[in-house]
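Enquirer: sequence and predicted structure are below.
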Amino acid sequence: MNILIFGPNGSGKGTQGAVVQKKFGVPHIETGVIFRENISKGTELGIKAKEFINRGELVPDDITIPMILNRLKEADCTKGWLLDGFPRNLAQAEALYKALEKEKITLNFVIEIELDRDTAKKRIMGRRLCKNDNNHPNNIYIDAIKPAEKYGATSCRVCGETLSTRADDQDGAAIDKRHGIYYDTKTGTMAAVNYFKNKVKVIEINGQPGVKEVSQDLLARLG
Ligand code: AMP
């Protein structure tokens with residue numbers, strides 16, 4: 001099973017991607033994770049990618065496209081893959097589709113998690129991290145996972161521990177830049193999503209409800 005998953009930053013794409021990965025048992029390939037691993041290992045690729053990532057820009061296509069096409073040739077991908085974070089623009093979408101056609105690999109379907117720009121931004125800025133466990137969900141803007149109150153300050157709704165924010169979550173300009181790329185229907189990520197619409201089945205999921213409801217909807221639509 002070969003799947004692409006799209007969704008703006010703040011739409012819960014990572015969480016839903018894990019649900020899809022579990023259902024089909026295919027590797028979850030995330031471009032952002034590959035870049036971050038290369039940066040922390042100090043590889044040549046990581047050194048090249050770092051400056052672009054730090055500026056909130058896309059890493060150039062001549063680095064990213066071959067990196068992903070090579071990754072899809074690795075042994076664990078023979079039974080399929082879930083690609084997350086790629087393609088991120090129209091040029092990447094065209095390159096991927098052509099490469100798959102050449103190798104006679106079928107793209108089974110595309111998942112698109114839809115969420116408007118304002119809500120996505122609010123969700124990112126409202127995210128709070130628990131000092132105990134990053135998987136304890138807390139968000140000051142989402143009623144279902146609102147932090148608890150302790151001595152007048154907010155605390156983790158799961159364990160009561162102190163909460164903090166991630167620096168890049170509070171950088172409104174950087175969020176706007178990333179969303180600018182995502183919602184761009186001419187050459188950006190939305191252009192990539194639209195490119196696939198007359199080629200493969202695109203499953204459009206409403207990202208507005210809570211995490212559980214979105215997962216249920218997604219699993220029901222996946223059959
Ligand atoms: P993410 O974790 O998906 O938000 O990705 C973090 C950063 O990695 C992005 O802001 C980009 O700078 C870079 N990146 C991730 N995926 C791609 C891609 N498909 N093309 C170019 N740059 C990417």
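Expert: Yep, that arrived. Residues are numbered from 1 along each chain as shown.

Enquirer: which residues touch the closest residue to R88 other than its chain neighbours?
Expert: Nearest residue to R88 in three dimensions, chain neighbours excluded: T189, at 5.2 Å (CB to CB, 6 or more residues apart in numbering). Where C-beta positions appear, they are placed from N, C-alpha and C, glycine not excepted. Residues in contact with T189, defined by CB atoms under 8 Å, 6 or more residues apart in numbering, are F6, P8, P87, R88, N89, I181, Y182, Y183.

Enquirer: out of the residues you listed, which sit inside helices?
Expert: Of the positions in the contacts of T189, I181, Y182 sit in helices, assigned by DSSP state H.

Enquirer: isn't there a helix covering I34?
Expert: Yes - using DSSP: H, G, I helix; E, B strand; the rest coil, the assignment for I34 is a helix.

Enquirer: I'd assumed N70 was in contact with it.
Expert: No - I34 lies out of contact with N70 (CB atoms under 8 Å); the separation is 10.7 Å.

Enquirer: out of the two, which sits in the busier spot?
Expert: Higher neighbour count among I34 and N70: I34, with 19 against 9, using other CB atoms under 10 Å.

Enquirer: relative to G152, how far out is that one?
Expert: Between I34 and G152 the computed distance is 43 Å (CB to CB, to the nearest Å).

Enquirer: could you do G188 as well?
Expert: Per CB to CB, G188 is found 43 Å from G152.

Enquirer: same check, this time on L218
Expert: To G152, L218 is 38 Å away according to CB to CB.

Enquirer: which of those two has more neighbours?
Expert: Set L218 next to G152 and count neighbours by other CB under 10 Å: L218 wins out with 19 against 5.

Enquirer: so the more buried one, which state does it fall into?
Expert: helix.

Enquirer: show me the contacts for it.
Expert: Taking CB under 8 Å, 6+ apart, we find L218 in contact with Q16, V19, V20, I111, I203, I205.
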